[in-house]
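Peer 1: Provided below are the primary sequence and the corresponding predicted coordinates.
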Amino acid sequence: MTLIAIEWDDTAGRGGRGAVRLLDQTQLPGTTAYRSIDTTSDLVVAIAELAVRGAPALGVAGALGVVLAMDEGAHEGWDDTRVQAAIDRVRHARPTAVNLAWGVDQVRALVPQGRDVVLEAARRVATDDEAANRELSRLGADWLLSRIDRARLRVLTHCNTGSLATSAWGTALGVIRELHARDRLELVYADETRPLLQGSRLTAFELAADGIPHWVQADGAAASTILRGLVDLAVVGADRIAANGDAANKIGTLGVALACHDAGIPFMVAAPWSTVDLSMADGSGIEIEERSGEEVTVLAGVRLAPEVSPGFNPAFDVTPARLVDAVATERGVAEPRRGIDLNSLS
Ligand SMILES: CSC[C@H]1O[C@H](OP(=O)(O)O)[C@H](O)[C@@H]1O
């Protein structure tokens, strides 16, 4: 399945000035609905609500947000200061995924060259991400197949890292798709990924559409699935990877890595180079987004916990490099656990 999570629509928006068209992931898998967004404030809301989500898709959102700010400024008569302030609001809509700021920064320097130059550059962020996803998936699959002696691999993954989190192919789900394409995949265990259920709602949706055999499992089952020998590896995405290989990803990833380490099976992070942050020597400085506790205590509008019980809801955790066997990028595969960090690919 190739769903487009977010793209520019030249025919939409007020006065036909164009708009961001995004697939509203808060309504999947039950409802396929799109948002047409032509203001930066509405884009910030969509990012905060995870209507658009996933590190690489946020990179595209950031880049297109610059176009929105320019168009909005032209329509509203904003001076450059107000345009830049609107761009900054997009850039800071979520803190953990480096890709959002990276996407903005890829195109904001081109603003003086005019809106069409910026739009072309923003669209190139998406096409470059797709190419990167394909290459990292090939390299990741090669690395796994060269180290695991089994006809078809049993894979565990966490959160969603497919078309809905990227520009189409996917990162960890891209590696899974590559293994499937080579007829080297037996099945996938997809963690449901509480509290927002990106795994059961989105990854399972994509795997089912691709005809890839899979189970959806409770996050709490992951360690047991791994230590019972039911999978050969785990592959996950990332939101920010420090130079030493410390990797921020959806909450619950750290537990998967610890179990893989204890079981002696590979733990792979798959991410484009746009997710690597070499300005950070290690992951100690990565800001972890704290989201509303109601995402934990309320499910589908039904309160699960007593009113007096607040929800603790860090949206990400950081897996230390000592637990990361491989980081598959389009520039190659680093091996942080063996001391081959991301600087080796720069
Ligand atoms: C392809 S990386 C996707 C990455 O982003 C997810 O976070 P969120 O759903 O909150 O945007 C999760 O960490 C995934 O691994």
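Peer 2: Received it, and whenever you're ready, just let me know what you need. Numbers count the residues shown, from 1 in each chain.
Peer 1: Which residues of the chain lie near the ligand?
Peer 2: 50, 53-56, 159, 161, 165-166, 171, 198, 236-237, 239, 249-250, 315 (CB under 6 Å from any ligand atom). Placement of C-beta: from N, CA and C, glycine included.
Peer 1: Any idea how many residues pack against the residue of the stretch 101-250 of the chain found nearest the ligand?
Peer 2: Ranking the residues of the stretch 101-250 of the chain by distance to the ligand (CB to the nearest ligand atom) places Gly237 first, at 3.0 Å. If you count neighbours by other CB atoms under 10 Å, Gly237 ends up with 31.
Peer 1: In the stretch 151-300 of the chain, what residue spans correspond to strands?
Peer 2: Here the stretch 151-300 of the chain has its strands, by DSSP state E, counting those that start in this stretch, at 153-157, 185-191, 214-217, 233-236, 240-242, 247-250, 267-270, 276-277, 298-299.
Peer 1: Mean pLDDT added to those, as a markdown table?
Peer 2: Formatted as a markdown table, the strands of the stretch 151-300 of the chain follow (pLDDT from 0 to 100):
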| stretch | mean pLDDT |
| --- | --- |
| strand 153-157 | 99 |
| strand 185-191 | 99 |
| strand 214-217 | 98 |
| strand 233-236 | 99 |
| strand 240-242 | 98 |
| strand 247-250 | 98 |
| strand 267-270 | 99 |
| strand 276-277 | 98 |
| strand 298-299 | 97 |
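Peer 1: Need those strands in a markdown table (columns: mean neighbour count).
Peer 2: Shown next, in a markdown table, are the strands of the stretch 151-300 of the chain (neighbours: other CB atoms under 10 Å):
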| stretch | mean neighbour count |
| --- | --- |
| strand 153-157 | 25 |
| strand 185-191 | 22 |
| strand 214-217 | 18 |
| strand 233-236 | 27 |
| strand 240-242 | 29 |
| strand 247-250 | 30 |
| strand 267-270 | 27 |
| strand 276-277 | 24 |
| strand 298-299 | 15 |
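Peer 1: Tell me which of those strands lies nearest to Gly140.
Peer 2: With distances scored as CB to CB, the stretch of the strands of the stretch 151-300 of the chain nearest to Gly140 is strand 267-270 (5.1 Å).
Peer 1: Who are the packing partners of the closest one?
Peer 2: helix 115-145, helix 172-181, strand 233-236, helix 253-263, strand 326-329 (3 or more CB pairs under 8 Å, 6 or more residues apart in numbering; DSSP states H and E).
Peer 1: Quick one: low-confidence residue ranges for the chain.
Peer 2: Applying pLDDT under 70 to the chain flags residues 1-2.
Peer 1: Specify the residue ranges that define each domain of it.
Peer 2: 6-129, 136-345 (automatic domain parsing).
Peer 1: how close does the residue sitting nearest the centre point of the chain sit to Gln27?
Peer 2: By CA atoms, centre = their mean, the chain has its centre lying nearest to Gly54, at 2.8 Å. Computed as CB to CB, to the nearest Å, the Gly54 to Gln27 distance reads 16 Å.
Peer 1: could you redo the helices and strands packed on strand 267-270 as a markdown table and give each row distance to Gly220?
Peer 2: Putting these into a markdown table (distance: least, CB to CB, whole Å) gives the following:
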| stretch | distance to Gly220 |
| --- | --- |
| helix 115-145 | 26 |
| helix 172-181 | 20 |
| strand 233-236 | 15 |
| helix 253-263 | 9 |
| strand 326-329 | 25 |
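Peer 1: Fine by me, we can end here.
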